[in-house]
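Enquirer: The following comprises the amino acid sequence and a computationally predicted model.
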Amino acid sequence: MKHLNNSSAAIAKVASYLLLLPYLIGFFSTAHAFQSSYATYTAFGDHNGDIYTIANDGKLRWFQHNDRMIGTNILANSQKARIVGDMTGLDDWSSNKIIPANDGVIYMIDNAGQLLWSRYDSKIPNNQQWANRSKITAIGNGWHNYQHVFSGGDGVIYAITTNGKMRWFRHTGWQDGSNKWVPGSGRQVSRGWQDTIKVFSSGDGVIYSIIKSGRLRWHKHIGRLTGADNWSNKGIHKTVGFNWQNFHQVFSTGDGVIYGTTANGTLVWHRHNGWLTGTDFWAPAPEANAGRVIAAGRTLH
């Protein structure tokens, strides 16, 4: 992977974003938290229980789902939204790939294929702020050539090519936005992902993929921190769910907690209790494989 040089043109482009956005963030997922034009909002989450949405007004909203392990309504117990940014200054933000990581780190791929970094500090109550004085940082280019890009946490980024090869990167500057990468970043660690329509991580090397038939598949990359081609179950996936193809967005906030959004914007919660081993064991829900509605319709708008 060729990384972005600190050219004056690139810096000027990034600076133009900053003039428009007081708290710019290009989050993440993806995996997968990419939003189509017909849906009501974009939703994505990190591995720390934070959920973000971008509605048609371009506002970036932050929610903390305090009861994510049991799946209560996301707005219960005064868990209200906080507006933390504004995406209206970006050209066609809905077409950008948003890649949430952990500890507030958010990556975004812009229309030029640049990989952008930002970090939102939500750990200090009533003192949420963006790192580096709200600046975003360009740390790579050529990322628009991948079919899927998602974070594995701790600076690990996976990218899947159009022919189904998975490449591994590790951004050692993930906490401060410095353009530092592990030598050998970009190496192939897997193949056979060409039928994947959605893919995301739940942390600790656990990766979920959804294929066209709607099967939810579980994978675990044991070599996620080193880039070794070392996978659980000899690299063979395990099917842990069905009928996932109709969700517009699917993302995880870690620990086997998985959210999906429907056509009308309803947010559905699932918890895969067998997330570390790949067993087909899920937390109880109102109906088998149905999940639990925790935000109806456009309530997160």
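Expert: Looks like it arrived, so ask away.
Enquirer: Please, where are all the strands along the stretch 101-250 of the chain?
Expert: For the stretch 101-250 of the chain, the strands defined by DSSP state E, counting those that start in this stretch occupy 105-109, 115-121, 129-130, 137-140, 148-153, 156-160, 166-170, 187-190, 196-203, 206-211, 216-220, 238-241, 249-254.
Enquirer: which stretch among the ones you listed comes nearest D280?
Expert: strand 238-241 (4.8 Å; CB to CB). C-beta here means a position set from N, CA and C on the backbone, and glycine is covered the same way.
Enquirer: The residue nearest to L60 when sequence neighbours are not counted: helix or strand, and which one exactly?
Expert: Closest residue to L60 apart from its sequence neighbours, by CB to CB, 6 or more residues apart in numbering: G85 at 3.5 Å. Per DSSP states H and E: G85 is located in strand 82-86.
Enquirer: Run the chain-centre distance for the helix or strand following that strand.
Expert: The C-terminal neighbour of strand 82-86 among helices and strands, as given by DSSP H and E, is strand 97-100. Taking CA atoms, centre = their mean, to the nearest Å, one finds strand 97-100 lying 5 Å from the centre of the chain it belongs to.
Enquirer: what's strand 97-100 packed up against?
Expert: When contacts are defined as 3 or more CB pairs under 8 Å, 6 or more residues apart in numbering; DSSP states H and E, strand 97-100 packs onto strand 41-45, strand 105-109, strand 148-153.
Enquirer: just checking, next helix/strand downstream of the first one?
Expert: Put plainly, it is strand 41-45. Next element after strand 41-45 (DSSP H and E): strand 50-55.
Enquirer: how much does that following strand deviate in direction from strand 82-86?
Expert: Put simply, strand 50-55 runs at 60 degrees to strand 82-86, going by axes from the mean of the first three to the mean of the last three CA atoms, to 10 degrees.
Enquirer: And the strand holding G85, what's buried?
Expert: For strand 82-86, burial by neighbour count (16 or more other CB atoms under 10 Å) applies to V84, G85, D86.
Enquirer: Would you mind checking the average pLDDT for that strand?
Expert: Per-region confidence: strand 82-86 scores 80 on mean pLDDT.
Enquirer: how about low-confidence regions in the stretch 201-301 of the chain?
Expert: For the stretch 201-301 of the chain, the stretches flagged by pLDDT under 70 are 286-289, 298, 301.
Enquirer: C-terminal to whichever strand or helix holds Y259, which secondary structure element comes first?
Expert: Under the criterion of DSSP H and E, Y259 resides in strand 257-261. Using DSSP H and E, the next helix or strand after strand 257-261 towards the C-terminus is strand 267-271.
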